[in-house]
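Visitor: One predicted model, sequence on top.
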Amino acid sequence: MIPLNLPSFEIKVSGTPQKPKIFDFLRRKYVTLTPEEWVRQHFVNFLIHHKGYPQMLMANEVELKMGDKRLRCDSIIYNKVLQPRVIVEYKAPSVGITQHVFDQISVYNQLMHVDYLMVSNGLQHFCCKMDYEQHNYQFLAGIPDYKDI
C-alpha cells in the first residue's frame, strides 16, 4: 500500500499475500485490506490519537435504510448521548475527491442529519460544517478536534 498523508501507526495485518487482511479496531476483527480500508484505518487512527475522538463513540460500516435500499456509511462519529454528529466517507488514494463524492455523502446525510461531513482519500482530507438554517455548508480549514465539534 502507498504512504498516506496521515500519521503512521502500528498496523496489524494477517491473511495471505493474495488476500491480505488488516485489523479494524473499531469492529474488532480482521477485514479485507483494500486501498479504501487502508485509508479508513489510517484516518480512524488519526482521529482517535491525534484529534481526540473517543473510540467508543465511533463506528465503521454502519448500515442505513432508505426505503428498500440499503446504504453503508463508512464511519459515523457520535456525541456522548449517541446522536450521530459526523459522517466520514473514504475513497482509495487513486480516487479523486470530486462533487460525486460529496453527493454520495449528502445522500447519507439526508437520513442522518449530522453537523459535519468528512471525506478523505488518504492524501486529501475535507471537512464541512452543515448549516441547516441557511441550507448550505462551510468547508473548514482542517479536520477539527473532537472537543471543537
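Guide: Perfect, thanks for sending it. Not measured: the values here are computed from a predicted model.
Visitor: Following the lengthiest helix in the chain in sequence, what is the next regular element?
Guide: Longest helix of the chain, by residue count under DSSP state H: helix 35-51. Toward the C-terminus, helix 35-51 is succeeded by strand 58-66 as the next helix or strand (DSSP states H and E).
Visitor: what angle separates that next one from helix 35-51?
Guide: In terms of direction (axes from the mean of the first three to the mean of the last three Cα atoms, to 10 degrees), strand 58-66 departs from helix 35-51 by 130 degrees.
Visitor: send the alpha carbons of the next helix or strand after strand 58-66 over as CSV?
Guide: Using DSSP H and E, the helix or strand that follows strand 58-66 in sequence is strand 69-78. Extracted C-alpha coordinates of strand 69-78, given in CSV (Å, rounded to 0.1, in the frame of the first residue of the first chain):
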residue,chain,number,x,y,z
LYS,A,69,-32.4,0.5,-0.5
ARG,A,70,-29.6,-0.4,2.0
LEU,A,71,-26.7,2.0,2.3
ARG,A,72,-23.5,1.8,4.2
CYS,A,73,-21.7,4.8,5.9
ASP,A,74,-18.0,4.3,6.0
SER,A,75,-17.8,5.7,9.5
ILE,A,76,-20.1,7.6,11.9
ILE,A,77,-19.0,9.6,14.9
TYR,A,78,-21.5,10.1,17.8
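Visitor: which neighbours does strand 69-78 have in its sheet, and in what orientation?
Guide: Strand 69-78 pairs in its sheet with strand 58-66 (antiparallel), strand 84-90 (antiparallel), by DSSP bridges.
Visitor: what's the longest one in contact with?
Guide: Among residues not part of strand 58-66, those counted as contacts by Cβ atoms under 8 Å, 6 or more residues apart in numbering are 24, 26-27, 40, 44, 47-48, 70-78, 107-108, 110-112. C-beta here means a position set from N, CA and C on the backbone, and glycine is covered the same way.
Visitor: for stretch 15-23, which positions count as buried?
Guide: Judged by neighbour count (16 or more other Cβ atoms under 10 Å), stretch 15-23 contains these buried residues: 20-23.
Visitor: Sorry, slip of the keys, the one I care about is stretch 53-63.
Guide: Going by neighbour count (16+ other Cβ under 10 Å), the buried part of stretch 53-63 is 53, 57-58, 60, 62.
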